[in-house]
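# sequence unknown, structure follows:
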C-alpha cells in the first residue's frame with residue numbers, strides 16, 4: 001500500500017523540519033502513531049531509532065503493532081525518511097515514511113508525505129482507514145506548528 005498526502009504549513013521549512021525529523025512528535029499529529037520512544041542505538045543503523053506503536057480502530061476492532069523505525073535520510077530542511085529496521089533476524093514487512101518540504105514564501109512551506117506499507121492486506125478496509133489518517137495528519141501538524149509560533 002502506498003499513500004500520499006500534502007499540507008500547507010504556516011511556518012518556514014526549517015521549523016517544520018524539526019517536528020518532521022523527530023518521531024517523538026508524531027503522536028501529537030499523526031493519529032496512527034500511539035507512541036514513539038527512542039530505541040537503543042545499533043551500529044548497523046543509519047540514524048537514530050525509535051520504538052513506534054502504530055494503532056488504528058476499525059469499528060469494534062483495534063489493531064496495534066510495535067515497529068522499530070530508523071531515520072535513514074535527513075536533508076535539513078528538505079527531506080526526511082524513516083524505515084522499519086529490526087535486528088531480530090526475521091523478515092518483516094516494510095514501513096517507509098518520507099516527508100518532503102518545499103519553502104513557500106518567507107513564512108510557510110508545503111509538506112508532501114508518502115507512506116509505504118509492504119505487509120499483507122488481510123483487512124482491506126484498514127487500508128482506507130490508514131490512508132485517511134495519513135491525509136488528516138497534515139492539518140493537525142499545521143495546527144500544532146501554528147500554536148507554537
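Yes, it's here. All figures in this text were calculated on a predicted structure; none of them were measured in a lab. Numbering: from 1, shown residues only.

# Provide a list of residue ranges in the protein with pLDDT below threshold.
58, 120-127, 149 (pLDDT under 70).

# all strands for it, in order.
Assigned by DSSP state E, the chain shows strands spanning 2-9, 33-38, 49-58, 61-75, 79-84, 95-103, 109-117.

# can you redo the ones you listed as TSV with distance to residue 17 and mean neighbour count?
Yep, even glycine has a C-beta here, placed from its N, CA and C like the rest. Below are the strands of the chain laid out as TSV (distance: least, C-beta to C-beta, whole Å; neighbours: other C-beta atoms under 10 Å):
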stretch	distance to residue 17	mean neighbour count
strand 2-9	10	16
strand 33-38	17	16
strand 49-58	17	17
strand 61-75	8	15
strand 79-84	7	21
strand 95-103	6	19
strand 109-117	9	19
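
# nearest to residue 25, of these?
Proximity to residue 25 (C-beta to C-beta) singles out strand 33-38 among the strands of the chain, at 8.0 Å.

# Does anything pack onto that closest one? Which helices or strands?
strand 49-58 (3 or more C-beta pairs under 8 Å, 6 or more residues apart in numbering; DSSP states H and E).

# Residue 48 and residue 60: what is the separation?
Noted for residue 48: a distance of 36 Å to residue 60, by C-beta to C-beta, to the nearest Å.

# Over to residue 88?
With C-beta to C-beta as the criterion, residue 88 and residue 60 are 31 Å apart.

# what about the spatially most central residue of the chain, distance to residue 24?
By C-alpha atoms, centre = their mean, the mean C-alpha position of the chain lies nearest to residue 97, the distance being 5.2 Å. According to C-beta to C-beta, residue 97 stands 14 Å off from residue 24.
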